[in-house]
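K.L.:
here's my sequence, what's the structure:
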Amino acid sequence: MSNALFIAWHDVRHQLRQGSTLLWVLVMPPIFFYFIGTVTGGFNTGMGGTATPIVVEAQEPGFLKGQIDLRLRENDFEPEWRANVMPDAEGNLPRRVLRLGDSFSEQVIAGVQVKASYDTRASALLRDFEAIRMQRSLYTMLADVVVADAKAPEPLSAKSLDDLNAAPRIWELDVSTAGKRQEIPTGFEQSIPGILVMFTLLVLLTSGGSMLVIEREQGLLRRLASTPISKTEVVAGKWGGRMVLATIQVGVALIIGTLLFSMVWGPDIGMIVIVLAAWAAFCASAGLLLGSIARTEGQASGLGALFANALAALGGCWWPIEITPDWMQFLQKLLPTGWTMDALHKLISFQSGAVSAIPNVAALLAGTLVVTIIAINRFKYE
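P.N.:
Predicted coordinates for the structure are as follows:
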């Protein structure tokens with residue numbers, strides 16, 4: 001046991017002296033936290049009760065402005081009214097603009113056809129959803145005008161619409177929850193766990209795998225074979241060194257996410273630590289396996305980066321897996337990155353309770369055991 005600890009200690013010291021390892025452990029995580037968190041912050045805009053800011057361009061809209069504003073807000077828009085929409089200092093127009101005709105209210109009262117146009121730069125995923133909400137807002141406002149005009153003895157006015165809004169409804173919708181609401185995790189709530197999972201795998205596959213190949217090429221493993229240290233102790237020491245490196249990677253990411261980005265980990269932080277410990281163990285075994293089967297340092301680094309990025313993308317580390325097609329959500333359930341991200345979403349975003357993550361931890365531990373057995377069988381001194 002002491003020999004395994006000795007090997008693990010010196011492996012960790014050696015890896016932490018490498019500039020590339022320190023770069024990916026300390027410097028790159030906060031950069032990726034910010035970049036991915038900023039990009040994915042817009043995935044849920046306008047969904048789950050989040051208001052979508054828009055600019056409404058209308059000159060002298062008249063008394064119908066209040067009714068349009070009311071219906072837009074009911075459909076999760078947050079309108080800002082302007083007479084003219086002008087580019088900002090950088091020459092950019094607003095992201096979403098609803099344009100109404102001049103003297104909108106007067107033209108409606110006069111029976112003149114009025115055209116409204118809506119321009120948006122939202123992603124393809126959200127564009128149709130915004131269009132539906134916008135059409136519902138405008139058609140509801142049009143229906144309000146028709147009903148208020150038919151009921152009011154005097155010409156249509158703001159008072160007619162106020163009376164219509166205050167009138168009791170014949171039909172009422174009884175709304176109740178069918179379970180705990182689950183909103184898609186976005187922003188830093190998605191990026192910090194996702195990048196944490198990705199970088200732990202990336203560092204362990206590249207640095208952890210390459211170092212083992214270098215030791216084999218330089219004959220260091222053959223020297224260990226000539227000492228009174230058993231193969232079991234050597235493999236245990238190599239695995240232990242990678243486990244410590246993975247633990248450092250996870251710990252640094254947790255601290256940076258909490259202090260710099262105010263990440264809220266939820267009420268089940270204990271289970272989150274257990275999930276990440278199981279993930280660190282899997283990554284340590286994966287790094288040991290890659291170092292055992294790779295023939296050159298370049299091969300270990302290349303395959304490590306390839307596998308880490310592919311598993312991160314398919315496992316939901318780069319974007320919320322909930323917004324992807326069904327086949328990708330099914331594929332996530334077959335991948336170790338998917339097991340980890342699913343568990344973290346349950347605990348952090350959905351707050352489903354610590355028990356909900358037990359199957360994920362069991363899957364990670366089983367995967368770790370399988371990968372470790374294969375790594376031990378493939379381990380060689382030269």
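K.L.:
run the chain-centre distance for stretch 161-168.
P.N.:
When distances are taken as Cα atoms, centre = their mean, to the nearest Å, stretch 161-168 is centred 43 Å away from the chain's centroid.
K.L.:
can you list contacts of that stretch?
P.N.:
With Cβ atoms under 8 Å, 6 or more residues apart in numbering as the contact definition, stretch 161-168 has outside contacts at F63, L64, G66, Q67, L70, D144, V145, V147, A148, K151, A152. Heads up, the C-betas are built off the backbone N, CA and C, glycines and all.
K.L.:
quick one: the helices in the stretch 251-382 of the chain?
P.N.:
In the stretch 251-382 of the chain, the helices defined using DSSP state H, counting those that start in this stretch lie at 269-293, 297-315, 326-332, 336-344, 358-378.
K.L.:
do the same with the stretch 101-250 of the chain
P.N.:
Listed in chain order, the helices of the stretch 101-250 of the chain (DSSP H, counting those that start in this stretch) span residues 104-109, 124-151, 158-166, 188-203, 209-217, 220-225, 231-261.
K.L.:
where are the low-confidence patches of the protein?
P.N.:
Residues of the chain meeting the criterion pLDDT under 70: 39-50, 123-125, 152, 175-184, 381.
K.L.:
most remote residue from it's center?
P.N.:
Residue farthest from the centre of the chain, counting by Cα atoms, centre = their mean, is P153 at 55.2 Å.
K.L.:
who are the contact partners of it?
P.N.:
If you count contacts by Cβ under 8 Å, 6+ apart, P153 has none.
K.L.:
who touches the closest residue to L288 other than its chain neighbours in this structure?
P.N.:
If the residues on either side of it in the chain are set aside, L288 comes closest to A375, at 4.4 Å by Cβ to Cβ, 6 or more residues apart in numbering. Taking Cβ under 8 Å, 6+ apart as the criterion, A375 is in contact with V235, W239, S285, L288, L289, S292.
K.L.:
for the closest residue to the last one other than its chain neighbours, give me its contacts.
P.N.:
Distance criterion Cβ to Cβ, 6+ apart; nearest residue to S292, sequence neighbours excluded, is R378 at 4.2 Å. Neighbouring residues of R378 by Cβ under 8 Å, 6+ apart: L289, S292, I293.
K.L.:
how close does R378 get to I68?
P.N.:
Going from R378 to I68 by Cβ to Cβ, to the nearest Å gives 68 Å.
K.L.:
number of residues surrounding S230?
P.N.:
The local packing of S230 (other Cβ atoms under 10 Å) involves 11 other residues.
K.L.:
list the residues that contact it.
P.N.:
S230 sits next to N3 when contact means Cβ under 8 Å, 6+ apart.
K.L.:
can you confirm E80 is in a strand?
P.N.:
Yes - under DSSP: H, G, I helix; E, B strand; the rest coil, E80 falls within a strand.
K.L.:
sticking with the closest residue to it other than its chain neighbours, tell me its helix or strand.
P.N.:
Computed as Cβ to Cβ, 6+ apart, the closest residue to E80 that is not its neighbour in sequence is V55, at 5.2 Å. If you go by DSSP states H and E, V55 is part of strand 52-57.
K.L.:
relative to helix 124-151, how tilted is the helix or strand that that strand is followed by?
P.N.:
Going down the chain from strand 52-57, the next helix or strand is helix 64-74, by DSSP H and E. Interaxial angle of helix 64-74 relative to helix 124-151 (axes from the mean of the first three to the mean of the last three Cα atoms, to 10 degrees): 140 degrees.
K.L.:
remind me what helix 64-74 packs against, helices and strands.
P.N.:
When contacts are defined as 3 or more Cβ pairs under 8 Å, 6 or more residues apart in numbering; DSSP states H and E, helix 64-74 sits against strand 52-57, strand 77-82, helix 104-109, helix 124-151, helix 158-166.
K.L.:
which of the ones you listed sits closest to Q299?
P.N.:
Proximity to Q299 (Cβ to Cβ) singles out helix 124-151 among the helices and strands packed on helix 64-74, at 37.9 Å.
K.L.:
would a markdown table of the helices of the stretch 101-250 of the chain with mean neighbour count and distance to V97 be doable?
P.N.:
Listed next are these as a markdown table, based on neighbours: other Cβ atoms under 10 Å; distance: least, Cβ to Cβ, whole Å:
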| stretch | mean neighbour count | distance to V97 |
| --- | --- | --- |
| helix 104-109 | 18 | 15 |
| helix 124-151 | 15 | 11 |
| helix 158-166 | 15 | 24 |
| helix 188-203 | 27 | 28 |
| helix 209-217 | 21 | 52 |
| helix 220-225 | 15 | 65 |
| helix 231-261 | 19 | 32 |
